[in-house]
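In: coordinates for the following, if possible.
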Amino acid sequence: MNTKKSHDGVFKTAFRNPKHAASLLKLAAQKNKSLARFLQVVDLKTMRAERTETNRQGLEGSADLAFTLKIKNSNDMAKLVVGLVLEHKSYPDNEVVSQLEHYFYELFRLSRPDCPMVAVIVYNGEIKWNPLKAKLYAKYPEYFHDIGYPFKIEMIDVGNEVGNIDFGKLNPYVALALVAMKYVFNAEKYKPIMDKAMKYFLDPQNKIDDNFIREIFLYLGEEMSSEYKEAIMDRPEIMAERKRKGFVSVADVLRAEGEAAGLVKGEAVGLAKGLAKLVQSAKNFLAMGLSLEQVSQGTGLSIEEIRKHCL
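Out: Numbering: from 1, shown residues only. The predicted structure follows:
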């Protein structure tokens, strides 16, 4: 089952806004000295979203996120612009550099021959991985080892950034997305900070788009339980349904699943299956310390239903 799309979906939703992407870069630059040097020479206020679609020999593809931004203190005549690609990975992928080379030529080199590119790999997988440690052309004699890429590559390991989150200062979309991206792989380790995140962001005084909160709920879904591979967001049919009808709540998904199963196994059995999964998610949210109203908002269950099945 392909889990990649669900992780990428949350990443794109959280960081496609240039301000949110800039907030992520500034947070990571606190530890990444090379990335900090990049931020010293560019003006983040000038960051603009760019197209991500590519087409190579008839094969269509898409970078996760692409931006352009201007160099600091460059005069209007020079208009020095740099390309920026944020490529998300939730698993080690040894083809990532080749992928970035394709994006460099397709998104910037062909249309802006004099525009350099910086590629930032944002990784939140379960195991340690750093593709930048591998030597280029390692199998060749040492003479070839200093051949470089035609662009700069930076690495952000989400696990290194989560512990530094200050919910009162960091962009709320960035904070909630980063916590969720690590919690989904290691619920036990990150439960305390997830509890804190949910309480903060579900507080009506801390304004954040309800649809984004619901998307995080849906992303986590059954990952709140032990059935990670059965996560709602990982199922292609659910992704297709969300694209076709817009956002659907966890309750909508599970009820629909139960009704579909009911056509084959009997309505009572199908609905019971869907409700059982939904109730489990609600119980997990309650265990995090969320109120009945917050759990109702996140799952789509009524308060009466939560009281009946979870308390």
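
In: what are the ranges of the strands in the stretch 151-300 of the chain?
Out: 152-157 (DSSP state E, counting those that start in this stretch).

In: low pLDDT regions in it?
Out: Where the stretch 151-300 of the chain drops to pLDDT under 70, the residues are 202, 204, 206-207, 210, 214, 221-275, 277, 288, 298.

In: run the last query once more with 80
Out: Residue ranges of the stretch 151-300 of the chain with pLDDT under 80: 162-165, 167-169, 185-188, 191, 194-282, 284-291, 293-300.

In: please enumerate the helices of the stretch 101-250 of the chain.
Out: 158-161, 172-183, 187-201, 210-220, 236-245, 250-265 (DSSP state H, counting those that start in this stretch).

In: residues contacting the nearest residue to residue 16 once chain neighbours are set aside?
Out: Counting by CB to CB, 6 or more residues apart in numbering, residue 16 lies nearest to residue 65, which is 5.9 Å off, once chain neighbours are set aside. Any C-beta I mention is one placed from the backbone N, CA and C, and that applies to glycine too. Counting by CB atoms under 8 Å, 6 or more residues apart in numbering, residue 65 touches 11-12, 15-16, 21, 49, 52, 85-88.

In: okay, and which of those residues map to helices?
Out: Within the contacts of residue 65, residues falling in helices by DSSP state H are 11-12, 15, 21.

In: PyMOL command to pick out the buried ones of those?
Out: With 16 or more other CB atoms under 10 Å as the burial test, the buried ones among the ones in helices among the contacts of residue 65 are selected in PyMOL as follows:
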select buried, resi 11+15+21
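
In: nearest to residue 190 among the ones in helices among the contacts of residue 65?
Out: Nearest to residue 190 among the ones in helices among the contacts of residue 65 is residue 11, at 16.8 Å by CB to CB.

In: my read: the closest one touches residue 64, true?
Out: Yes: here residue 11 reaches residue 64: they are 6.4 Å apart, a contact under CB atoms under 8 Å.

In: what residues are shared contacts of these two?
Out: With contacts taken as CB under 8 Å, 6+ apart, the residues that reach both residue 11 and residue 64 are residue 88.

In: low-confidence ranges in the stretch 1-150 of the chain?
Out: If you take pLDDT under 80 as the line, the stretch 1-150 of the chain has these spans: 1-9, 54-62, 73-79, 134-135.

In: closest to residue 38 among the ones in helices among the contacts of residue 65?
Out: Using CB to CB, residue 21 comes nearest to residue 38 of those, at 13.0 Å.

In: ok, now which ones touch the closest residue to the closest one other than its chain neighbours?
Out: Leaving aside its sequence neighbours, residue 21 sits nearest to residue 15 (CB to CB, 6+ apart; 4.7 Å). Neighbour list for residue 15: 21, 24, 65, 86, 173-174, 177 [criterion: CB under 8 Å, 6+ apart].

In: repeat that for 7 Å
Out: 21, 24, 65, 86 (CB atoms under 7 Å, 6 or more residues apart in numbering).
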